[in-house]
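Student: sequence and predicted structure below; questions after.
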Amino acid sequence: MKRKKGISLIVLVITIIVIIILAGAVILSLANNNPIESANEATFKTNVAEYNSELAMAITNKYLQDNSFDSATFDVGVWDGTGDGTGTIKEYITSMSEVDGAKFEIQNSKLVYVGIDETEENWLTDIGILCGTKTPPAIEVNVIATENSTVTGQATTYDNPIIPKGFKAINDGTVWPTDWNTGLVIEDSSGNQFVWVPVDGTDVTYTKWCTTGRSYTSTSDDTTPPGIIEIDQINSYGGFYIARYEAMFDYNGGSLRVASKKSTNLTMIDWIATRDNAHTGYVWNFVNYTESKLYAENMDTSYGYDTSKVGTNLITGAQWDTAMKWIQNSGKSVTDSRTWGNYSDSTSPANVGNGTLQISGYSDNWKANNIYDLAGNTWEWISEIYSSDRVTRGGYYNDSGSSVPAAYRNNYNATGANYDLSFRTSLYIL
């Protein structure tokens, strides 16, 4: 009897293994050469190339219509698919679909991808399209920002500053954002106020330059808090915020903190040993350098700011000098400050304090670009070092506004704490 021939178990196993290998190779080949994915990529790139060409035409037309058009400041946000697209990217790239309209912005006249799809990011890198961060939505004036935003909803620049999370823009003698060069004011939920100092890089540059008194070339900079790189403020945002008022003391249940508010009282008597609730609201004088720097740096945490969004520090030499240039450009002399500061020889309209110490924010005649008392009233500690001393700026009420003006740089023992010494905080966007 003949035996029936069949496939041995070994041959069967080998056959199955070969089939699995071949199947894997086919799947891998399809994955690497997916015709559907390739078609999607080609379509996306073609559409984006068309968008880019249409944007280039729109930019050209803007130049033809207005030869003063500045392409470096042309920013337009995403399209939400409603209305006719006016004020959004759809106004300038009419061929853009609603889906793509939510993924792209115009930033500095360039098409920028602000979506979150990594595959699309890789595709766009192939054709030279920038990938960036979506501009936060616009925030109304007098509304607390829930994230770092701008009033216009457009990208931040020196003339369109960020409103940090936890702050609101207020119209206090200015209009957001059109009056950007006259002192835009922000305020936190506790009433602390800061003023935006715009640095356009041309009329106002971020640099030390004041040589009245001690020259900046003879000083060095103290450290800034961890995570704060001051030049990044200028490169990223085109300016910085400084406190609107000289330091005000806030007892806060025994947890001492500095405030930037119009003060309510003052003293000529050394009150270091009696800092208590009775002194809340006082101009914070009789404070040495070390304390000034400590309380300025801790202002962000003491008020519960989101420290991933903002930080604080004692105002620096570069910030003071830059503010001086900005104020000088507004028409006020920073080398003879008698007409806008509290000095022994103040002249009209600033001669309203009789050459005596006054509360911060005492007179609008002592205000420059919405910032009070940079000239006179009290000396202000800044974050600069002169030999073994620290630097103070601006003179005080018993000085001459012509010989010791707002730009004046002085040095003083870091442990000194007198009636004529106070400080001011700066606010950083992170």
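Tutor: Happy to help now that I have it. Numbering: from 1, shown residues only.
Student: could you pull out the helices for the stretch 251-400 of the chain?
Tutor: Remark: helices of the stretch 251-400 of the chain, listed N- to C-terminal, are 289-297, 299-302, 317-329; assignment by DSSP state H, counting those that start in this stretch.
Student: in a markdown table, list those helices along with distance to Trp379.
Tutor: (Glycine included, C-beta is placed from N, CA and C.) Written out in a markdown table, the entries for the helices of the stretch 251-400 of the chain read as follows (distance: least, Cβ to Cβ, whole Å):
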| stretch | distance to Trp379 |
| --- | --- |
| helix 289-297 | 11 |
| helix 299-302 | 20 |
| helix 317-329 | 12 |
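Student: among the ones you listed, which is nearest Ile93?
Tutor: Each of the helices of the stretch 251-400 of the chain was checked against Ile93 via Cβ to Cβ, and the shortest separation belongs to helix 317-329, namely 36.5 Å.
Student: buried sites along the closest one?
Tutor: Gly317, Ala318, Gln319, Trp320, Asp321, Thr322, Ala323, Met324, Lys325, Trp326, Ile327, Gln328 (16 or more other Cβ atoms under 10 Å).
Student: report the separation between the fifth one and Glu230.
Tutor: Yep, that's Asp321 we're talking about. 13 Å (Cβ to Cβ, to the nearest Å).
Student: per-residue pLDDT, Val13?
Tutor: If you check Val13, the pLDDT there is 63.
Student: I meant Tyr343, not that one.
Tutor: We note a pLDDT of 97 for Tyr343 in this prediction.
Student: scan this structure for its longest helix.
Tutor: In the chain, with assignment by DSSP state H, the single longest helix is helix 35-65.
Student: next helix or strand past it?
Tutor: Once the chain leaves helix 35-65, the next helix or strand it forms, by DSSP states H and E, is helix 98-101.
Student: which strands or helices does that following helix pack on?
Tutor: Using 3 or more Cβ pairs under 8 Å, 6 or more residues apart in numbering; DSSP states H and E as the contact definition, the elements that helix 98-101 packs against are helix 35-65.
Student: elements contacting the helix it packs on?
Tutor: On the basis of 3+ Cβ pairs under 8 Å, 6+ apart, helix 35-65 makes packing contacts with helix 98-101, strand 110-113, helix 118-126.
Student: okay, these in TSV with mean neighbour count, mean pLDDT and distance to Gly166 next?
Tutor: What follows is the helices and strands packed on helix 35-65, written out as TSV (neighbours: other Cβ atoms under 10 Å; pLDDT from 0 to 100; distance: least, Cβ to Cβ, whole Å):
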stretch	mean neighbour count	mean pLDDT	distance to Gly166
helix 98-101	16	91	31
strand 110-113	21	94	27
helix 118-126	14	91	31
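Student: among those, which is nearest Gly401?
Tutor: Going by Cβ to Cβ, the one of the helices and strands packed on helix 35-65 nearest Gly401 is strand 110-113, 47.8 Å.
Student: the closest one: partners in the sheet, and parallel or antiparallel?
Tutor: Strand 110-113 pairs in its sheet with strand 104-107 (antiparallel), strand 130-131 (parallel), by DSSP bridges.
Student: where does Tyr241 land in three-state SS?
Tutor: Tyr241 carries the three-state label strand when classified by DSSP: H, G, I helix; E, B strand; the rest coil.
Student: how many neighbouring residues does it have?
Tutor: Close neighbours of Tyr241, defined as other Cβ atoms under 10 Å, add up to 28.
Student: hang on, it packs against Val197?
Tutor: Yes: Tyr241 is in contact with Val197 according to Cβ atoms under 8 Å; the separation is 7.2 Å.
Student: for Tyr237, find the nearest of the helices and strands packed on helix 35-65.
Tutor: Between Tyr237 and those, the shortest gap by Cβ to Cβ is with strand 110-113, which sits at 17.3 Å.
Student: switch the strands paired with strand 110-113 over to JSON lines; also include distance to Leu427, mean pLDDT and mean neighbour count.
Tutor: As requested, the strands paired with strand 110-113 are arranged in JSON lines below (distance: least, Cβ to Cβ, whole Å; pLDDT from 0 to 100; neighbours: other Cβ atoms under 10 Å):
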{"stretch": "strand 104-107", "distance to Leu427": "25", "mean pLDDT": "92", "mean neighbour count": "23"}
{"stretch": "strand 130-131", "distance to Leu427": "29", "mean pLDDT": "91", "mean neighbour count": "14"}
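Student: contacts for the lengthiest strand in the chain, please.
Tutor: If you go by DSSP state E, the chain has its longest strand at strand 379-386. Applying Cβ atoms under 8 Å, 6 or more residues apart in numbering, the external contacts of strand 379-386 come out as 214, 216, 218-222, 224, 246, 287, 289, 292-293, 313-317, 319-320, 374, 390-396, 409-412, 420-424.
Student: same question for stretch 284-293.
Tutor: 222, 246-249, 258, 266-267, 270-272, 295, 313-314, 357, 378, 381, 383, 390, 412, 414-423.
Student: at 6 Å instead, please
Tutor: Counting by Cβ atoms under 6 Å, 6 or more residues apart in numbering, stretch 284-293 makes contact with 247, 249, 270, 272, 314, 378, 381, 390, 414-417, 419, 421-423, all of which sit outside it.
Student: also stretch 225-243?
Tutor: Counting by Cβ under 6 Å, 6+ apart, residues outside stretch 225-243 touching it are 156-158, 161-162, 194, 196-199, 206, 260, 297, 311, 313, 315, 424-429.
Student: in helices, which of the residues you listed appear?
Tutor: Short answer: those in helices (DSSP H) are Glu297.
Student: can you select the buried ones from the contacts of stretch 225-243 in ChimeraX?
Tutor: To isolate the buried members of the contacts of stretch 225-243 in ChimeraX, using 16+ other Cβ under 10 Å:
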select :156,157,158,161,162,194,196,197,198,199,206,260,297,311,313,315,424,425,426,427,428,429
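Student: among the contacts of stretch 225-243, which are located in strands?
Tutor: Cross-referencing those with the strands (criterion: DSSP E) gives Phe194, Trp196, Val197, Pro198, Gly311, Asn313, Thr425, Ser426, Leu427, Tyr428, Ile429 as the overlap.
Student: ok, so of those residues, who is nearest Ala58?
Tutor: Comparing the ones in strands among the contacts of stretch 225-243 against Ala58 with Cβ to Cβ places Pro198 closest, at 27.2 Å.
Student: adding distance to Val78, write the helices and strands packed on helix 35-65 out as TSV.
Tutor: Output for the helices and strands packed on helix 35-65, formatted as TSV (distance: least, Cβ to Cβ, whole Å):
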stretch	distance to Val78
helix 98-101	6
strand 110-113	10
helix 118-126	15
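Student: which of these sits closest to Asp75?
Tutor: For the helices and strands packed on helix 35-65, proximity to Asp75 was assessed by Cβ to Cβ; strand 110-113 is nearest, at 9.4 Å.
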